[in-house]
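*Asks:* Make a model of this:
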Amino acid sequence: MALDVTSSSMGAAIGLRQAQGQADFGMKTLNQSAQQQQQAVTSLLQPAGSSAGGNVTATRGQNLNIVV
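*Replies:* Sure thing, here's the model as predicted:
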């Protein structure tokens, strides 16, 4: 009987350890995603001309009529 309790406790401990590892991985992934989104927003909010590439013009407050 004691062996059954021990093996059950070990199984539970292993399961909890695996779950903690998966949770840590999930949090790391979410953190990386949040950092990438923050970098994208930061680059989009840079003033015109400070961006490294392309022709970027400020269009805040302007109506754009784009016809394709």
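*Asks:* Low-confidence stretches in the chain?
*Replies:* Per-residue confidence for the chain (pLDDT under 70) gives these ranges: 1-5, 48-62, 64, 68.
*Asks:* Give the burial count for residue 39, as a bare number.
*Replies:* When neighbours are counted by other CB atoms under 10 Å, residue 39 registers 10. In short, each C-beta sits where N, CA and C put it, glycine included.
*Asks:* How about the contacts made by it?
*Replies:* The contact partners of residue 39, by CB atoms under 8 Å, 6 or more residues apart in numbering, come to none.
*Asks:* secondary structure element for it?
*Replies:* helix 2-44 (DSSP states H and E).
*Asks:* measure residue 43 to residue 31 for me?
*Replies:* Using CB to CB, to the nearest Å, we find residue 43 at a distance of 19 Å from residue 31.
*Asks:* any idea how far residue 7 lies from residue 47?
*Replies:* In terms of CB to CB, residue 7 sits 64 Å off from residue 47.
*Asks:* can you check residue 15 too?
*Replies:* 52 Å.
*Asks:* ok, now residue 28?
*Replies:* 33 Å.
*Asks:* what does residue 37 give?
*Replies:* With CB to CB as the criterion, residue 37 and residue 47 are 20 Å apart.
*Asks:* neighbours around residue 9, how many?
*Replies:* 10.
*Asks:* Over to residue 33?
*Replies:* Neighbour tally, residue 33, other CB under 10 Å: 10.
*Asks:* now do the one 4 residues further on
*Replies:* By the measure other CB under 10 Å, the count of residues near residue 37 is 10.
*Asks:* Much appreciated, bye for now.
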